[in-house]
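1. pasting the sequence and the predicted coordinates here, then a few questions.
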Amino acid sequence: MMLRFIAFSLLFSASFASVPAFAAEPIFPLGSHIGFVPPPGFVASKRFPGFESLDTQSSIVIAALPPQAYADLEASITTEALKKQGITEDKRETLTLAKGKAVLVMGNQQENGQKFRKWMLLGQLPEGVALVAVLAPEAALKTYSDDVIRTSLSTLAVREVVPLDEQIALMPIKLNDLAGLRPIRVLGNAGVVLTEGASDSPTLGTQPMFAVTIGQGAPEQASDRANFARNLFRGLGDVKDVHIISGDMLRLGGGSLPTHELQAEAKEVFTDTPMKLVQWVRFGPGTHIRMIGIARADQWSAAFPHFRAVRDGIAPRE
């Protein structure tokens, strides 16, 4: 089982990229399983997960939820429930999607003396629930009529797999130097696993592997950081007879990137293959980045410089 000694949390994240106006096929925004053909003039928002038309001050907000959320969401868009939210419903339709069905509710809303048209789509799909909210001021309705919005939302579709490069682009850090390694797995936006070799499903004893994870919490005192790093290092799976051979604080980046390093020797648990490991824990305000490299002992001299180059190329995403 690949790198079972690292615990990850699976997170679904959605972020949306710029799209051309009314393409022939649904557009799947960056990192999203949900896509559709957006109305003309909408571009990716940097303020929320969805699209916006800056010229008309219109917006589309998209959310993907698990199947069990459908009943609660359906109850939240009844006529009476919407009325309590200040939305006056005037039309409700059932739409047939490529892989499911949806309810489209249309109505009007007034905020701070300004009138808006609002469309809400609740899609029931085999993969889960899609919730889309479109908001346009009254002045934009010549451009975004009910027919235009309906046509766009009717194209909603789901893709099974989000490409790795899109998933990596959603992480709060970037890897500027892969040093010959390549990503093979991303878990939510909290970590990435890389390897060096031909297999996309390697085991610990076959080819070098490197993992980067981002965690919350980090001690501020230097004296506490070594214990913090050693605690992270304990309880490794798939290896046994772990023997730490060195541990020290490094002052990387001219001292601006305090990083604790542990190096160890071990054996692969099933085959007794000699292994070598390194763990770096980089400390920041209220957060830490954990990096683990592992390779067979006979691969170590070649793998370690690559691990170190990847470590040095990790930086916050701007």
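-> Sure thing, it's come through. Numbers count the residues shown, from 1 in each chain.
2. helix, strand, or coil at I294?
-> At I294 the chain is in strand, as set by DSSP: H, G, I helix; E, B strand; the rest coil.
3. how close does L156 sit to A98?
-> Using C-beta to C-beta, to the nearest Å, we find L156 at a distance of 8 Å from A98. C-beta: built from backbone N, CA, C; applies to glycine.
4. neighbour count for those two, which is higher?
-> Legend: neighbour count by other C-beta atoms under 10 Å for L156 and A98, higher for L156 (23 against 12).
5. next structured bit after the top strand by length along the chain?
-> Counting residues, the longest strand in the chain under DSSP state E turns out to be strand 239-252. Next helix or strand after strand 239-252 toward the C-terminus (DSSP states H and E): strand 257-268.
6. buried sites along the next helix or strand after that next one?
-> Per DSSP H and E, the first helix or strand lying C-terminal to strand 257-268 is strand 274-284. Across strand 274-284, burial judged by 16 or more other C-beta atoms under 10 Å covers M275, K276, L277, V278, Q279, W280, V281, R282, F283.
7. okay, now the unreliable bits of the protein?
-> The model of the chain has pLDDT under 70 over residues 1-24.
8. from the centroid of it, which residue is nearest?
-> Centroid-nearest residue in the chain, with C-alpha atoms, centre = their mean: N189, separated by 3.6 Å.
9. where does that one land in three-state SS?
-> Here N189 is recorded as coil under three-state DSSP.
10. export stretch 151-168 as PDB, just CAs?
-> This file holds the C-alpha atoms of stretch 151-168, laid out as PDB (Å, rounded to 0.1, in the frame of the first residue of the first chain):
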ATOM      1  CA  THR A 151     -29.500  27.100 -21.600                       C
ATOM      2  CA  SER A 152     -26.300  27.400 -19.800                       C
ATOM      3  CA  LEU A 153     -27.300  25.500 -16.700                       C
ATOM      4  CA  SER A 154     -28.900  22.700 -18.700                       C
ATOM      5  CA  THR A 155     -25.400  21.800 -19.900                       C
ATOM      6  CA  LEU A 156     -24.200  20.900 -16.400                       C
ATOM      7  CA  ALA A 157     -22.100  17.700 -16.400                       C
ATOM      8  CA  VAL A 158     -19.700  15.800 -14.200                       C
ATOM      9  CA  ARG A 159     -16.300  14.400 -15.000                       C
ATOM     10  CA  GLU A 160     -15.000  11.400 -13.000                       C
ATOM     11  CA  VAL A 161     -11.400  12.500 -12.800                       C
ATOM     12  CA  VAL A 162      -9.700  15.800 -12.200                       C
ATOM     13  CA  PRO A 163      -6.300  15.900 -13.800                       C
ATOM     14  CA  LEU A 164      -3.300  15.900 -11.400                       C
ATOM     15  CA  ASP A 165      -2.000  19.200 -12.600                       C
ATOM     16  CA  GLU A 166      -5.300  20.900 -11.800                       C
ATOM     17  CA  GLN A 167      -5.300  19.300  -8.300                       C
ATOM     18  CA  ILE A 168      -1.800  20.400  -7.700                       C
END
